[in-house]
Every structure is written in C-alpha cells, then in structure tokens.
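Undergrad: pasted the sequence and its predicted model underneath.
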Amino acid sequence: MSKTLFDKVWDAHVVHTIEDGPQILYIDKHLIHEVTSPQAFNELEKRGLPIFRPQQVLATADHNTPTKDQHLPIKDELSRKQLSQLSENCEKHGIQLYELGHKYNGIVHVMAPELGITQPGMSIVCGDSHTSTHGAFGSIAFGIGTSQVAQVFASQCLLLTKPKSMRIKVNGKLKKGVLPKDVILYIISQIGTNAGTGYFCEYAGDVFENMSMEGRMTVCNMSIEMGARGGIIAPDETTFDYVKGRKFAPKGQEWENQLDNWKSLPTDSDAKFDKEYTFDAEDIEPMITFGTNPGMGIKINGFIPDQNDSSLEKSLKYMDFKKGESLIHKPINYVFIGSCTNSRIEDFRVAAEYIKGKKKAKNVTAWLVPGSRQVEQQIEAEGLKTIFTEAGFELRQPGCSACLAMNDDKIPAGEYCVSTSNRNFEGRQGQGSRTLLASPLLAAATAIEGKIIDITTHLN
Ligand SMILES: CC(C)[C@@](O)(CC(=O)O)C(=O)O
Ligand code: SF4
C-alpha cells in the first residue's frame, strides 16, 4: 500500500496500537530547555520515577539567556534560577547539557540540526511548539506539553492519535529577493492560522526541492503558526550533504546503512493526502506582517486589507495601523535578526550582503543574535562580523533573545520592531511592543533605511 513520507516515519515508530484508540509512539530524540522541563522533572521526582533513557535526552539553555556578557553572572533572578535548575536536573539525571558558554550552546532548534543530531526518519520532540523545525530533515518532529515531557522522560514513548496528512506544493522559481521566510509567511497569509489544525504538513514541489536546509528549517519552523502539528520535507541529496560529517551524524558503514533507509522515505508517487494546497512561486513577493498573528501578512508593495472584521480592527488598533494603508516608509526604531526561525549562517549572509558598505540608520537599534555559538563563530570566520560592526551594528551572543520577552532583550512599549522571528502576538517582544515579521533581507534593509522600504526596488 502506498505511503506518504509522514506515514513511513510514523509507522516505523509505532510501538503499540490500542484498539480503536491512540497509538504508542517511540521517541528517538528528546530535546529540552530551561522553560518547559522543570515541571516535568518535578513530576518524575514526585512519582519516584527515573529517566528511562537519559542518553536520548539533550538539553540546552536558550530562552532565559542574556545575549551580552554571558561570562558574567546572570543579573535577572528568574533567569538565573531557571538556568541553575536546568543544570541541577541534568547533573542529577545524567543528561547532556550544552549550558550557557558551552561551545555547542544555542537555541534548541538551531544547535541540534547543526550538530547532526537531527536526522531523517527520526521522531523528535521538545516542550516547544517550534520543534517542527526539525521536520526539514524528513523527521517527525513536534512540540509537546510539560505532562508529555514527563511521559517521554519516564518511557521514551508518547500516547498519540495520528494526525491527518496534508501536502502544500509550491512549484516554479522564486523571484529575486524572495526568501524561505517569505514563502511560509505567504502560505500562512493565504490559508490562515487554523488551516493545519489536526494535520501534519508535507511541503513539496520545486521551491522546496531547490531550497537550502536552512531555508527548509525556516519553513518547517512556522508550521505551528498555521496550526499544523508539524511540518516535513522529503530528505534528498541536499539533506544528506548537510548532515554528512557533522559531529553526531552516522559515520562509515552506519552512514551507508542509514542512507539506504533515508532514500526510501520520500512519499510514494500514488500516495494520498487528506488535504492538499498548490501555489505558484511566481505569485510570492517579499512579505511583512501588519497585524497580531502570523497570518496577517501582506506583500511588501501591498496594502492592509480593508474588510469589516472585528479581529482585524482589534489588531490594527493595537498596531496603530489603518485599513487600506501601505507600510512603505513607516519609520521603524527596532530591528531584530535572530530566533529559531532565522538565525543560521545563511540568514546572516543574506543580511551582510545587503548591509556591506552601508551604515545603519541612526534611529534604529538593531540586534543581530546568532542562533548558536557555532553560528557566532561562522559569522566571525566569514568576515561578516566586520561588515556588521563597520555598519554600526552590534553582534550579540546566542539565545532566543528578542523573539519573546523572557530575557533582557525586550522591545519598549509602542515601538515597532521588524523581526525575523515567528510570532507577532500582542506583547510578544515586550509589553505593548509591535512586531512586524519579515525575512532577514527586509530586516537588514529596514535597519539601514530606518523605515520600511519596498525591497524589490532596492535589489542590485
Ligand atoms: C514561550 C516559549 C517557551 C516558546 O518557545 C514556546 C513554544 O514555542 O512553544 C515560544 O516561542 O513561544
Ligand atoms: S527563538 Fe523564539 S520561537 Fe524559537 S524557541 Fe526561542 S522563544 Fe521559541
């Protein structure tokens, strides 16, 4: 019987199917961070249960971490407590932790792929809804709640009902200046923030086949923002080239064996999906959001919708924008290039390409935050740091940073921030902050110009 990629990976991990009920799924890799692991550790303590497979758990500190002076004691008391709690728990249970300052430290969804820990055909979970990022490798990767974190700690398994499968195809060639972030913002603007609810989404077609792994991670990362349980892209030569030789990637004969398995994973040509969408790459332009959910996006040279809709009106009131207006020339005082959506070396290369030889606008505070220590080193090694500092930018140390207001990096109330992150909810980047989601290219251009510009007219 023909199977989708999702079916193949899911079925290979089913330990038991309960008659007319959920299935028990085996989890290959369990990633944890300081925010959603404490409650789960406490749950096991309370029940006197050990961690079943500590060697299949990997921890990092990323949400509460400062992005400056990481060698100094953390000033914020809550953050200091969260991080010391994580260290104690990992120490106690023999779990590998890449703590603040460790050479592999970084945002959980950046450091695991770059270390070759994320591999095709795996099942990967984390107490974090953006775990869908890892689906870029052809793995089943999804966010779980804290009680499920405890379940996986205790059994390395999860009790789940299999989601339905959906495929989104984008064919054709992307225009100049259109990046993977624009593709996913465009898709969510077209189908809405609930279209994926109850589904696992495969992205297919020329655009994804021709996309880098970093770009595929950006796309899969935001699957949750259209309600999907996860996103997945068929593993191919691009995937294998990215994984090969990384620190924890299989080597030698193990690599050859795995490769055979990985090549068998793509969706069978006659496999059926429960829901499908198809888009034309030609129709995609650089995108920017104007509202307070990731589905409220428009093309950079477009206009804010002008329909009678209470949620639109509420969002526009919060953002202080008007129906039917363009965002071009809106003054912007904050720019953030970072987060698990866009903080990999490819993102900083794109930004540096635009910034090279220019000067940041005086009114703009711009935070460039690498997704990991390794990305930070790549930025330095490739001379991108020099480009940034000569343009008046400050390159920070890795962490979730201004993606959400859980550390020192907060956007002040009333201020607009063009941000490469994935959520623009009210107050996401700080009480009263106003987030405009965009690609690293548009963010870089905004920092140079000090306002929103139609990037399509500024491409050399
Ligand atoms: C809040 C934080 C832990 C989180 O990482 C959680 C999540 O993505 O589920 C987020 O970005 O909202
Ligand atoms: S970078 Fe943002 S979205 Fe990603 S895990 Fe951190 S807080 Fe969540």
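TA: It's in. Ligands and ions are numbered 1, 2, ... in the order given.

Undergrad: what about stretch 294-306, near ligand 2?
TA: No - Stretch 294-306 is not in contact with ligand 2 by C-beta under 6 Å from any ligand atom; minimum separation 11.2 Å. Where you see a C-beta, it was placed from the backbone N, CA and C, and this is true even at glycine.

Undergrad: buried residues, that stretch. List them.
TA: 294-300, 302, 304 (16 or more other C-beta atoms under 10 Å).

Undergrad: any idea which of those residues is closest to ligand 1?
TA: In terms of C-beta to the nearest ligand atom, no member of those lies closer to ligand 1 than residue 294, at 12.0 Å.

Undergrad: now do stretch 174-193: distance to the chain's middle.
TA: Chain-centre distance of stretch 174-193: 15 Å, with C-alpha atoms, centre = their mean, to the nearest Å.

Undergrad: roughly how far apart are the spatially closest residue to residue 14 that is not a sequence neighbour and ligand 1?
TA: Nearest non-adjacent residue to residue 14, counting by C-beta to C-beta, 6 or more residues apart in numbering: residue 23, 5.0 Å away. Remark: distance between residue 23 and ligand 1 (C-beta to the nearest ligand atom, to the nearest Å) = 23 Å.

Undergrad: and residue 23, what pLDDT?
TA: If you check residue 23, the pLDDT there is 97.

Undergrad: residue contacts, residue 236?
TA: 209, 266 (C-beta atoms under 8 Å, 6 or more residues apart in numbering).

Undergrad: number the chain from 45, please
TA: Okay, residue one is now 45; in that scheme the one you just asked about reads as residue 280.

Undergrad: what ranges does the stretch 45-194 of the chain have for its helices?
TA: 49-55, 82-91, 121-137, 152-158, 190-199 (DSSP state H, counting those that start in this stretch).

Undergrad: can you report how many residues neighbour the residue of the stretch 295-444 of the chain found nearest ligand 1?
TA: Nearest to ligand 1 in the stretch 295-444 of the chain, going by C-beta to the nearest ligand atom, is residue 444, at a distance of 6.9 Å. Around residue 444 there are 31 other residues, counting by other C-beta atoms under 10 Å.

Undergrad: for it, phi and psi?
TA: Dihedral pair for residue 444: phi -70, psi -30, per degrees, to the nearest 10.

Undergrad: doesn't residue 150 make contact with it?
TA: No - Residue 444 lies out of contact with residue 150 (C-beta atoms under 8 Å); the separation is 9.9 Å.

Undergrad: any residues in contact with both of these two?
TA: residue 106.

Undergrad: so who does residue 168 touch?
TA: 71-75, 156, 162, 175, 178, 183-186.

Undergrad: my guess is residue 226 contacts residue 487. True?
TA: No - in this structure, residue 226 is not within contact of residue 487 by C-beta under 8 Å, at 12.0 Å.

Undergrad: out of those two, which sits in the busier spot?
TA: Higher neighbour count among residue 226 and residue 487: residue 487, with 30 against 26, using other C-beta under 10 Å.

Undergrad: report pLDDT for that one.
TA: 98.

Undergrad: now the nearest residue to residue 249 once chain neighbours are set aside, what are its backbone angles?
TA: Excluding its sequence neighbours, the residue lying closest to residue 249 (C-beta to C-beta, 6+ apart) is residue 213, at 4.0 Å. For residue 213, the backbone dihedrals (degrees, to the nearest 10) come out as phi -110, psi 130.

Undergrad: please report the distance of residue 213 from residue 140.
TA: Per C-beta to C-beta, to the nearest Å, residue 213 is found 38 Å from residue 140.
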